[in-house]
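Chemist: Sequence below, structure please.
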Amino acid sequence: MPLLAYCILLDSRPTNFPSEGILGSHTASIEESGLIALSSEMERNAISTSNFQQAALEFHRVVQAVFARKAVVPFRFPTWLSAMEMKEHLRQQSSRYKDFLIRHADHVQMEVRIASQESIMTEAATGAEHLRIRAAQFRAVSEHAKQLKHQLADIAIEWRERENPADLRLYALVSRTLVDAFREKLNRISVRASGPWPATEFFESPPAKD
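Modeler: The predicted structure is shown next:
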């Protein structure tokens, strides 16, 4: 039977996992090359359009329960593997995963969203005018991001950015012990952050195999 994969973590005992996975399934672990992969054995058709959102939320709950205690690399949802494929994946990628999980054992990821001012875009803004407005928006968002990074320089270890049409996403690598300090500093300047999340933006690429 296929395995729905949740996350990868270092094989360090004792480790307590959530016993219940998504949609009432049971969780199980596969150990290989100093790593553990947490999964649930279930048929692919157990996840359908009618329960996809519920299953995704439950998947997130399982991953966050493990992440609350130690660093993990989550799989994309849903990722299906056989037990043999999972073991082979862990063997082939063990060095990469171990390096990340050891290096970031005490780190988390915080996300800040800086929205662009789409309201100033009008139907009349076409051609050169449209490009001019977009460039002005990009400069304003970039300057805001630069200021935020400066204000959080004493807390954030490293940053990553992802530009989208509607916003700029900033990802801060932060020590687990400084999450509250990170939030408090943002609250003083009326900026909100989501997290903490696994530090996947600082991993060269999260595991993905559909």
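
Chemist: How is the chain divided into domains?
Modeler: If you go by automatic domain parsing, the domain ranges for the chain are 3-103, 107-202.

Chemist: Least reliable of those domains by average pLDDT, please.
Modeler: Lowest mean pLDDT within the domains of the chain: domain 107-202, a mean of 84.

Chemist: ok now it, how far from the chain's centre?
Modeler: Centre-to-centre, domain 107-202 and its host chain are 16 Å apart (CA atoms, centre = their mean, to the nearest Å).

Chemist: how long is that domain end to end?
Modeler: The first and last residues of domain 107-202 sit 10 Å apart, counting by CA to CA, to the nearest Å.

Chemist: what do you get for stretch 69-77?
Modeler: OK, stretch 69-77 end separation, CA to CA: 21 Å.

Chemist: How about residues contacting that stretch?
Modeler: Applying CB atoms under 8 Å, 6 or more residues apart in numbering, the external contacts of stretch 69-77 come out as 5-10, 12, 15-16, 55-56, 59-60, 63, 66-67, 97, 100-101, 104-107, 198-200, 203, 206-210. (Each C-beta comes from the backbone N, C-alpha and C, glycine too.)

Chemist: For it, buried residues please.
Modeler: 71-75, 77 (16 or more other CB atoms under 10 Å).

Chemist: circling back to that earlier point, from the domains of the chain, which stretch is densest packed?
Modeler: Across the domains of the chain, averaging neighbours per residue (mean count of other CB atoms under 10 Å) puts domain 3-103 on top, at a mean of 17.

Chemist: Start and end of stretch 63-82, how far apart?
Modeler: From start residue to end residue, stretch 63-82 stretches across 19 Å - CA to CA.

Chemist: Work out the gap between that stretch and the centre of the chain.
Modeler: When distances are taken as CA atoms, centre = their mean, stretch 63-82 is centred 10 Å away from the chain's centroid.

Chemist: This completes my enquiry, with thanks.
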